[in-house]
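> Attaching a predicted model along with its sequence, questions to come.
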Amino acid sequence: MPIPLKKRWVIREKIFPEIDAALVDYSPVMRQMLYNRKVMDGETAEWFLHGTGSMYDPFLLPDMAAAVDRLWYAIDHQEPVAVYGDYDVDGVTATVLLVQVLQQLGANARAYIPNRFDEGYGVNNDALDELANQGVRLVVTVDCGIRSPQEAQHARQIGLELIISDHHEPRNELPEALAVVCQKRAGSEYPEKNLAGVGLAFKIAEAMLESRAVPAVQLADWYDLVAVGTVADVVSLTGENRAMVRAGMQSLRFGQRQGLRSLAGVADLNLANTTARDIGFVLGPRLNAAGRLESALAAFDLLMSNDVSTTGPLAQKLDNQNRERQRMTQELQVVAESQAFIGGDFLLFAVHPEVVQEKDVRGVVGLVAARLTESYYRPSVVGAQGEEFTRASCRSIPEFHITHALDACDSLLVRYGGHAMAAGFTVRNENLPELASRLREIALLELGERDLRPSLKADMVIPLHELRPMLLKELDQLQPTGQDNPDAVFISTNLEVKGYKKIGKESQHLRLTVSDGRITYDAVAFRQGLWADQMPKTVDLAYVFEKNVYNGRESLQLNVRDIRPAGVSE
């Protein structure tokens, strides 16, 4: 089994003098940070650092007018409406948002979230039949449906009208629905192509209120859900996404939603200081745990309720499920690694029985695929095999568009969908060997001539002694950080290692102290505990400069992204 690849350090180019002059109101370090994020003038910088909320006219989205007109008709005539979501955080937050908004606008609205284990991803005919039998006449999908033409046809046959809102990549054939609201449709004039499902749901709500004002309903009440769903879905935190997440972070810190307060409580998270990273690593995984191990309805109910006697037990349940999810992921990863490297080096493919030791593993295969891709920098496919079908999750690298690869294998697949870096599919077991072979052939063709190593992009090289509390305050303006808007990464060279030790339950992490001769900093390096067995006397570090809060005490530290012996260039 190969050793995880070392990173290629890439230092971003130095800011051009004319752009440096245009950003003169900011410090030299901040000017470089802005330039690295494609901010080239003072006006753009002001919006980037402080802009908040919705940016674009929702009616620029395809079919938005038709969707809004039909929803208002349903409200005016008290037709039952179902919001059909997905079981991940993006889908659940989108479902909660649209159900709550519609209900406050007077709709007879209800939610439907499919069960991962019984129904799988996306719209399914049995669910549509059930909704029709309940008297529903209008179904609005959120975070799914763009690749469900057969299901859309079935909806028409049983008398259901369908509005699809989905941020995923469409195929050439769009479902025949009353409206297909998707910013990625061919010919779409909507400027922000990277909205998450919850962001798209917010735009529908915004369009409804623009077409008919309802003063008692304030859209700002749902920005917190937009922040949680957008960050958890790892879409680009630039443009309108960034502005809406910033607005949502402000709401989140006020703690206006009881369900999120309860969830933060069991996670020992102070909402008043919450960052996008806390959503990604604390709140998001707990909300996701429900759909991964059982049913996403627990997460839905948590976010819908304002009663602490309801949200408290639900939050504890999600926390417990998250711990179990972590344990299952670790165990399955060991098995997946032993299997994945048999048969090819350019795409990792592992399949497990659906049930292992009485635990259904379908909910964690995506996490295991993500771990493989992170560790070995290869596109990864991890599946759970039942009696007739295998359901799999895929994670990829920037050099390989995984959904395009699945497009080339669509004749073998029952269903599939996703985007460039993540996807999922269902395949009949008899077609599984050919599918694995085809995907490996495609990967070899596209990746075989490339030097496949992860790149660590650093903003600049800086002497350690120039790190000061005031710099940290400036860097805070880059928040919220995430996909396409990363934390500021610095490189400091030729640092003396004053001390180090392994930390963590399994000694997988590292704590060290470094000095440049003028100042000394503590540092933490997650998943880099092996360096303790081969620590050089002097090192070069790539790191994020951050505040560490422990037992109520604050200190400054380096969060190390990579370590090299001093002076080693590759």
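The structure has been received and is ready for your questions.
> Let me see the ranges of the strands in the stretch 51-200 of the chain.
80-84, 108-112, 138-142, 161-165, 179-181 (DSSP state E, counting those that start in this stretch).
> Let me have these in CSV, extended by distance to residue 24, mean neighbour count and mean pLDDT.
Bear in mind the C-beta positions are built from the backbone N, C-alpha and C, glycine included. Listed next are the strands of the stretch 51-200 of the chain as CSV, based on distance: least, C-beta to C-beta, whole Å; neighbours: other C-beta atoms under 10 Å; pLDDT from 0 to 100:
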stretch, distance to residue 24, mean neighbour count, mean pLDDT
strand 80-84, 49, 24, 98
strand 108-112, 51, 19, 97
strand 138-142, 44, 28, 98
strand 161-165, 43, 26, 98
strand 179-181, 43, 26, 98
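> Which neighbouring elements make contact with the longest helix anywhere in the chain?
Secondary structure of the chain read by DSSP state H shows that its longest helix is helix 308-340. If you count contacts as 3 or more C-beta pairs under 8 Å, 6 or more residues apart in numbering; DSSP states H and E, helix 308-340 packs onto helix 258-266, helix 284-293, helix 297-304, strand 348-353, helix 365-376, strand 380-385.
> Off-centre distance for it?
Distance of helix 308-340 from its chain centroid, counting by C-alpha atoms, centre = their mean, to the nearest Å, is 17 Å.
> still on that earlier bit, mean neighbour count, the helices and strands packed on helix 308-340: which tops it?
Of those, the one with the most neighbours on average (mean count of other C-beta atoms under 10 Å) is strand 380-385, at a mean of 27.
> and it, what does it pack onto?
Using 3+ C-beta pairs under 8 Å, 6+ apart, the elements in contact with strand 380-385 are helix 308-340, strand 348-353, helix 365-376, strand 389-395, helix 432-447.
> nearest to residue 246, of the ones you listed?
Set against residue 246 and scored by C-beta to C-beta, the helices and strands packed on strand 380-385 come closest in helix 308-340, at 25.3 Å.
> circling back: make TSV from the helices and strands packed on helix 308-340 and add mean pLDDT and distance to residue 449 to it.
Formatted as TSV, those follow (pLDDT from 0 to 100; distance: least, C-beta to C-beta, whole Å):
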stretch	mean pLDDT	distance to residue 449
helix 258-266	97	47
helix 284-293	92	37
helix 297-304	97	44
strand 348-353	90	19
helix 365-376	92	18
strand 380-385	94	20
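> who wins for proximity to residue 506 among those?
helix 365-376 (14.6 Å).
> what residue ranges in the stretch 451-570 of the chain score low on pLDDT?
Scanning the stretch 451-570 of the chain for pLDDT under 70 picks out 570.
> Going along the chain, name the helices of it.
469-475 (DSSP state H, counting those that start in this stretch).
> mind listing the strands for it?
With DSSP E, counting those that start in this stretch as the criterion, the stretch 451-570 of the chain has strands at 455-458, 460-461, 490-503, 509-515, 520-525, 538-550, 553-565.
> packing partners for the first one?
What it means is strand 455-458. Counting by 3+ C-beta pairs under 8 Å, 6+ apart, strand 455-458 packs on strand 8-11.
> Give me the helices and strands touching the strand it packs on, please.
strand 455-458.
> Parallel or antiparallel, list what pairs with the strand it packs on.
strand 8-11 (parallel) (DSSP bridges).
> unless I'm mixing things up, residue 105 is touching residue 214, no?
Yes - the criterion here is C-beta atoms under 8 Å, and residue 105 meets it with residue 214 at 6.0 Å.
> sorry, back to before: could you say which one of the strands of the stretch 51-200 of the chain comes nearest to residue 495?
Evaluated over the strands of the stretch 51-200 of the chain, closeness to residue 495 peaks at strand 138-142, with 48.6 Å, by C-beta to C-beta.
> Now tell me what touches that closest one from outside.
Outside strand 138-142, the residues that touch it by C-beta atoms under 8 Å, 6 or more residues apart in numbering are 67, 70-71, 74, 79-86, 91, 94-95, 98, 112, 123, 128, 131, 155, 160-166, 197-198, 200-201, 204.
> So what's the gap between it and the chain middle?
With C-alpha atoms, centre = their mean, you get 22 Å for strand 138-142.
> And stretch 56-69, by the same measure?
25 Å.
> Give me the mean pLDDT for it.
Averaging pLDDT along stretch 56-69 yields 98.
> Only the buried residues of that stretch, if you could.
For stretch 56-69, burial by neighbour count (16 or more other C-beta atoms under 10 Å) applies to 56, 58, 61-64, 67-68.
> One more: stretch 551-564?
Buried, per 16+ other C-beta under 10 Å, within stretch 551-564: 557-558, 560-564.
> now these in TSV, with distance to residue 51?
Converted to TSV, those look like this (distance: C-beta to C-beta, whole Å):
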residue	distance to residue 51
557	30
558	30
560	32
561	28
562	32
563	36
564	37
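> Closest to residue 490 out of these?
Nearest to residue 490 among these is residue 558, at 8.4 Å by C-beta to C-beta.
> Beta-bridge partners for that closest one, please?
residue 523, residue 545.
> Could you report the pLDDT at residue 342?
61.
> and if you look at residue 413?
For residue 413, the model assigns a pLDDT of 96.
> please begin residue numbering at 58 from this point
Renumbered: residue one is now 58, and that last one reads residue 470.
> Enumerate the positions of the longest helix of the chain that are buried.
Neighbour counts over helix 365-397 (16+ other C-beta under 10 Å) mark 367-369, 371-372, 374-376, 378-379, 382, 385-386, 388-390, 393-394, 397 as buried.
> and if you look at stretch 327-335?
Neighbour-count burial for stretch 327-335 flags 328, 331-335 (criterion: 16+ other C-beta under 10 Å).
> In JSON lines, list those residues along with secondary structure.
Below are these laid out as JSON lines (DSSP: H, G, I helix; E, B strand; the rest coil):
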{"residue": "328", "secondary structure": "helix"}
{"residue": "331", "secondary structure": "coil"}
{"residue": "332", "secondary structure": "coil"}
{"residue": "333", "secondary structure": "helix"}
{"residue": "334", "secondary structure": "helix"}
{"residue": "335", "secondary structure": "helix"}
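> possible to save these as TSV with distance to residue 208?
Shown next, in TSV, are those (distance: C-beta to C-beta, whole Å):
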residue	distance to residue 208
328	39
331	38
332	39
333	34
334	37
335	36
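> from memory residue 172 sits against residue 349, does it?
No - with contacts defined as C-beta under 8 Å, residue 172 does not count as touching residue 349, sitting 11.6 Å away.
> follow-up on the earlier one: which of residue 162 and residue 271 has more residues huddled nearby?
residue 162 (18 against 12; other C-beta atoms under 10 Å).
> thinking again about what came up before, what's the closest of the strands of the stretch 108-257 of the chain to residue 583?
Distance to residue 583, taken as C-beta to C-beta, is lowest for strand 195-199 among the strands of the stretch 108-257 of the chain, at 33.9 Å.
> any idea of the angle the closest one forms with strand 218-222?
Orientation check (axes from the mean of the first three to the mean of the last three C-alpha atoms, to 10 degrees): strand 195-199 against strand 218-222 gives 10 degrees.
> ok, strand 195-199: who's next to it in the sheet?
Next to strand 195-199 in the sheet, as set by DSSP bridges, lie strand 137-141 (parallel), strand 218-222 (parallel).
> got the ones you listed as a markdown table, with distance to residue 71 columns?
Formatted as a markdown table, those follow (distance: least, C-beta to C-beta, whole Å):
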| stretch | distance to residue 71 |
| --- | --- |
| strand 137-141 | 49 |
| strand 218-222 | 43 |
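> between the ones you listed, which gets nearest to residue 410?
Comparing the strands paired with strand 195-199 by C-beta to C-beta, strand 137-141 comes nearest, at 29.9 Å.
> ok and the closest one relative to strand 165-169, angle-wise?
Using the same axes, to 10 degrees, strand 137-141 lies at 30 degrees relative to strand 165-169.
> can I get the CA coordinates of strand 137-141 in PDB?
The C-alpha coordinates for strand 137-141 follow below in PDB (Å, rounded to 0.1, in the frame of the first residue of the first chain):
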ATOM      1  CA  PRO A 137     -51.400  20.600  -0.100                       C
ATOM      2  CA  VAL A 138     -47.800  21.200  -1.100                       C
ATOM      3  CA  ALA A 139     -44.900  18.800  -0.300                       C
ATOM      4  CA  VAL A 140     -41.300  19.900  -0.200                       C
ATOM      5  CA  TYR A 141     -39.200  16.900  -1.200                       C
END
